[in-house]
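J.: Only the shape, not the letters, is given here:
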């Protein structure tokens, strides 16, 4: 296990990509940057169910387990024992990031949200 402390340059993306697993067990952050950067870098993300990563997990881009040491340990061991599954998760993470976290995807989602809020204004602008 390596603990790097704060890293502010692009090395962090390389480390997130090359790590066997990036662990996230927070229960207080609603949108932490670590999972976003890990998914974008094609890293293997293992998180507890307190991290609110249901959508990436449903897409196969992250592993989400109950917040229990044994469940977290077992998930990490499974990943280490199955490099094919880990690589599939890396691919799913990159795909998820492209489809849901890049600026164009975020802008389109926000545009759709505003169209729901202001349907008559959206019809006038079209």
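T.: Structure's in. What do you need? Values in this document were obtained by computation on a predicted structure and should not be read as measured data.

J.: Just the pLDDT at residue 113, thanks.
T.: Listed pLDDT for residue 113 reads 86.

J.: mind starting the numbering at 53 from now?
T.: Fine by me, first position is 53 from now on; the one you just mentioned is residue 165.

J.: Report whether it is found in a strand, as I expect.
T.: No. Counting by DSSP: H, G, I helix; E, B strand; the rest coil, residue 165 is not part of a strand but helix.

J.: Next, count neighbours for it.
T.: By other C-beta atoms under 10 Å, 10 other residues sit near residue 165. Glycine gets a C-beta too; all of them are placed from N, C-alpha and C.

J.: Next one: it from residue 158, what distance?
T.: Applying C-beta to C-beta, to the nearest Å, the value for residue 165 to residue 158 is 11 Å.

J.: helices or strands up against the top helix by length along the chain?
T.: The longest helix of the chain (DSSP state H) is helix 135-152. Helices and strands in packing contact with helix 135-152 are listed as helix 85-92, helix 106-110, strand 114-117, helix 121-133, helix 155-169; criterion 3 or more C-beta pairs under 8 Å, 6 or more residues apart in numbering; DSSP states H and E.

J.: and the fourth one, what's its mean pLDDT?
T.: Read it as helix 121-133. 93.

J.: re earlier: in the longest helix of the chain, what counts as buried?
T.: 138, 141-142, 144-146, 148-149, 152 (16 or more other C-beta atoms under 10 Å).

J.: go on, stretch 75-91?
T.: Quick answer for stretch 75-91 (16+ other C-beta under 10 Å): 75-76, 84, 86-87, 89-91.

J.: now swap in stretch 151-170 and tell me
T.: Buried residues in stretch 151-170 (16+ other C-beta under 10 Å): 152-153.

J.: ok, and what's touching that stretch?
T.: If you take C-beta atoms under 8 Å, 6 or more residues apart in numbering as the criterion, stretch 151-170 is touched by 88, 91-92, 107, 150, 174.

J.: Rebuild those residues as CSV, extending it with distance to residue 59.
T.: As requested, these are arranged in CSV below (distance: C-beta to C-beta, whole Å):
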residue, distance to residue 59
88, 15
91, 17
92, 15
107, 26
150, 24
174, 42
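
J.: is it possible to export those to CSV including distance to residue 66 and pLDDT?
T.: Output for the contacts of stretch 151-170, formatted as CSV (distance: C-beta to C-beta, whole Å; pLDDT from 0 to 100):
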residue, distance to residue 66, pLDDT
88, 16, 91
91, 15, 95
92, 12, 93
107, 25, 93
150, 19, 92
174, 42, 51
